[in-house]
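A.B. asks: Predicted structure and sequence below. I'll ask about it afterward.
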Amino acid sequence: MKNKLGYGDFSGAEKKPLFDQPLHVGRPNIGSREAFIGYVNDIFDRCWLSNNGPLVQDLERRIADKHDVKHCIAMCNGTIALEIAIRALGLEGEVIVPSYTFIATAHALSWQGITPVFADIDPDTHNLDPDSVCQMITPRTTGIIGVHLWGRPSPVEALQRIADDHDLKLLFDAAHAFGCSYKGRQIGSFGSCEVLSFHATKFFNAFEGGAILTNDDQLAETMRLMRNFGFAGLDNVIHPGTNGKMVEISAAMGLVNLDALDEVIAANQKNYQTYKNGLEDFPGVTLLEFDQAEANNYQYVVMQVDESSPVSRDRIIQALHAENVLARKYFWPGCHNMKPYRDLFPHAGLMLQNTQRVADSVIVLPTGTTVTPEMVDIIVTIIRSAK
Ligand code: T4K
């Protein structure tokens, strides 16, 4: 018996998964192909492929305006953008970060010879807990990186107060927060700077890419130099640097996708509401809410499975995977439990109990423009019938 979309059989009699093709978390949202191909033809006609080309400059201006910041410095990806921001701010020694984040936040520090020191999170928001941050400060601490996880704002005021009181630098990993606001202000202008990711799987993508947003003229100047080997002109290197440049083809994708953001938000919002309606009365399962007073991109549908659920988180994941729904356990088991950091801090878990609990409970579900509410209804049915 086929369901109404022809995805297969709910009775369990057939072995074929309900979805013929895998349903991924992070399937790219892609704007107008026609417009993209137009940009590609222009790139070929100009024969200008990289090194601060006109499309990169256009994208930077549009992103800076959208986020109401003075400077947007486009980069080849979010990780290099984080590394450049970390170096430009002169961080060294120890920097406090959440453990509950994508591994790149921690790696960007350790790759620069800086020790990431993991603080715990608030279990309700999944963002840094300011009290835990205070407990982690030592004489070697030089900075704090807050992550706006799932696009939800970090506790920006509390972190700024801690940074000011202890003479620490504060920056934000805003990889998930493109198009999100805090108290009506676009995320992007908090701390000394904020770092965006435009990876294929993000709300807004440029194939690969990232950017640093800042209102600090001097910092922006330094980061622009660092992005291009420190060149200040032909044959004139005035700063140490690396290759963090965004290519024109990425900027073209970015420009096309900027024009499609409303469509992506509408699709994400509809899917989120469908998940919410379908799971509302299911015991032990909750969806992380979005603050309706703020702008949201609804990119991550985060479901938590607690002890009162009749089925465990891992059993639900298994049931979903068996039907080709590739839900994810982001960001399990926490950075502190990944090999490079587990060896460094073997007892970190004692201080990171909320992180461990949250990491053990989360399932991130597929959404985006390639997922329809009808597909979500089927995913909900799989979750509700998991054993
Ligand atoms: N900070 C934070 C908080 C971040 O979340 C990230 C990146 C960064 C910093 C670093 O920014 P970037 O340097 O990446 O710009 C994915 C992404 O690779 C990563 O960018 C992202 N965070 C993270 C949350 O998700 P994985 O390990 O899950 O990738 P992967 O290969 O498993 O892909 C995810 C799913 O997307 C798969 O089911 C397949 C699907 N997919 C992926 C690609 C690339 C597609 O359907 N099409 C595609 O083109 O990390």
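C.D. replies: Nice, thanks for sending it over. Numbers count the residues shown, from 1 in each chain.
A.B. asks: how about the residues of the stretch 1-150 of the chain near the ligand?
C.D. replies: Residues of the stretch 1-150 of the chain lying close to the ligand (Cβ under 6 Å from any ligand atom) are 24-28, 77-79, 101-102, 104-105, 147. To be clear about C-beta, it is placed using only N, CA and C from the backbone, and glycine gets the same treatment.
A.B. asks: can you do 8 Å?
C.D. replies: 22, 24-28, 77-82, 101-102, 104-105, 108, 147, 149 (Cβ under 8 Å from any ligand atom).
A.B. asks: Give me the subset of the residues you listed lying in helices.
C.D. replies: The members of these that map onto helices under DSSP state H are Gly78, Thr79, Ile80, Ala81, Leu82, Ala104, Thr105, Ala108.
A.B. asks: In the stretch 251-387 of the chain, which residue sits nearest the ligand?
C.D. replies: The nearest approach of the stretch 251-387 of the chain to the ligand comes at Leu326, 5.1 Å away (Cβ to the nearest ligand atom).
A.B. asks: ditto for the stretch 51-200 of the chain
C.D. replies: Gly78 (2.7 Å).
A.B. asks: which ones are touching that residue?
C.D. replies: The contact partners of Gly78, by Cβ atoms under 8 Å, 6 or more residues apart in numbering, come to Ala104, Asp173, Ala175, Val195, Leu196, Ser197, Phe198, His199, Gly209, Gly210.
A.B. asks: Can you list phi and psi of the third one for me?
C.D. replies: Backbone torsions for Ala175, taken as degrees, to the nearest 10, come to phi -60, psi -30.
A.B. asks: longest strand anywhere in this structure?
C.D. replies: What stands out as the longest strand in the chain, according to DSSP state E, is strand 141-147.
A.B. asks: helices or strands up against the one helix or strand Ala158 maps to?
C.D. replies: Using DSSP states H and E, Ala158 sits in helix 156-165. If you count contacts as 3 or more Cβ pairs under 8 Å, 6 or more residues apart in numbering; DSSP states H and E, helix 156-165 packs onto helix 130-135, strand 141-147, strand 169-173.
A.B. asks: Stretch 209-228 vs the ligand: in contact?
C.D. replies: Yes - Stretch 209-228 reaches the ligand (Cβ under 8 Å from any ligand atom) through Gly209, Gly210.
A.B. asks: Please identify which helix or strand holds Leu225.
C.D. replies: Taking DSSP H and E as the criterion, Leu225 maps to helix 217-227.
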